[in-house]
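Q: The sequence and its predicted three-dimensional model are supplied below.
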Amino acid sequence: MKLKSVWALLTLILFVVGSYGLYLIIGMPIDQTDNLNTNTEIDISDLGISEDEALIFYSSSCPHCKTVTEYLNQNADNIKIPVRSLKIDDSKTDGDNIKLALAKVKECEVGENWGIPLMYHDGGCLMGDQPIIEYLSQLK
């Protein structure tokens, strides 16, 4: 009987840890995307974004995004292109940013396996903190 209790507890712990890990990877609960219109057509000029800006899409719960943000803060004077960070945490408050991110992923033909941090600049996309930091550091 004691063995069954231990297995039940271990199963519960694995479920909770796995669910939290999935939440961290995705960056938002899956049900929050239900309200998001799947139409990815969006005009960046409507958002006050210029064509020459590098766009960095991030989530506040993403540790790799925080690494990029720290790099941007420490090197703001040395980065030779305008950079705009766009939060994509919640479809209710960040819906336009999410649509824009999806449009840029589609434009770059990244496919379904994309993640954050995501940078779009000059028609191309980069994912991950190190590729983004390397790209920006080469522009110094």
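A: That came through fine. Numbers count the residues shown, from 1 in each chain.
Q: Output the helix or strand hosting Asp96 as PDB, nothing but the C-alphas.
A: Using DSSP states H and E, Asp96 sits in helix 95-107. Extracted in PDB, the C-alpha atoms of helix 95-107 (Å, rounded to 0.1, in the frame of the first residue of the first chain):
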ATOM      1  CA  GLY A  95      -2.400  40.500 -29.700                       C
ATOM      2  CA  ASP A  96      -0.900  42.900 -32.300                       C
ATOM      3  CA  ASN A  97       2.600  41.900 -31.300                       C
ATOM      4  CA  ILE A  98       1.700  38.200 -31.500                       C
ATOM      5  CA  LYS A  99       0.100  38.700 -35.000                       C
ATOM      6  CA  LEU A 100       3.200  40.600 -36.100                       C
ATOM      7  CA  ALA A 101       5.500  37.800 -34.800                       C
ATOM      8  CA  LEU A 102       3.400  35.200 -36.600                       C
ATOM      9  CA  ALA A 103       3.600  37.300 -39.800                       C
ATOM     10  CA  LYS A 104       7.300  37.500 -39.600                       C
ATOM     11  CA  VAL A 105       7.700  33.800 -38.900                       C
ATOM     12  CA  LYS A 106       5.600  33.200 -42.000                       C
ATOM     13  CA  GLU A 107       7.600  35.600 -44.100                       C
END
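Q: which helices and strands sit right next to the helix or strand following that helix?
A: Using DSSP H and E, the helix or strand that directly follows helix 95-107 along the chain is strand 118-121. Judged by 3 or more Cβ pairs under 8 Å, 6 or more residues apart in numbering; DSSP states H and E, strand 118-121 is in contact with strand 54-58, helix 95-107, strand 124-127, helix 129-138. Every C-beta, even on glycine, is put in place using the N, C-alpha and C of the backbone.
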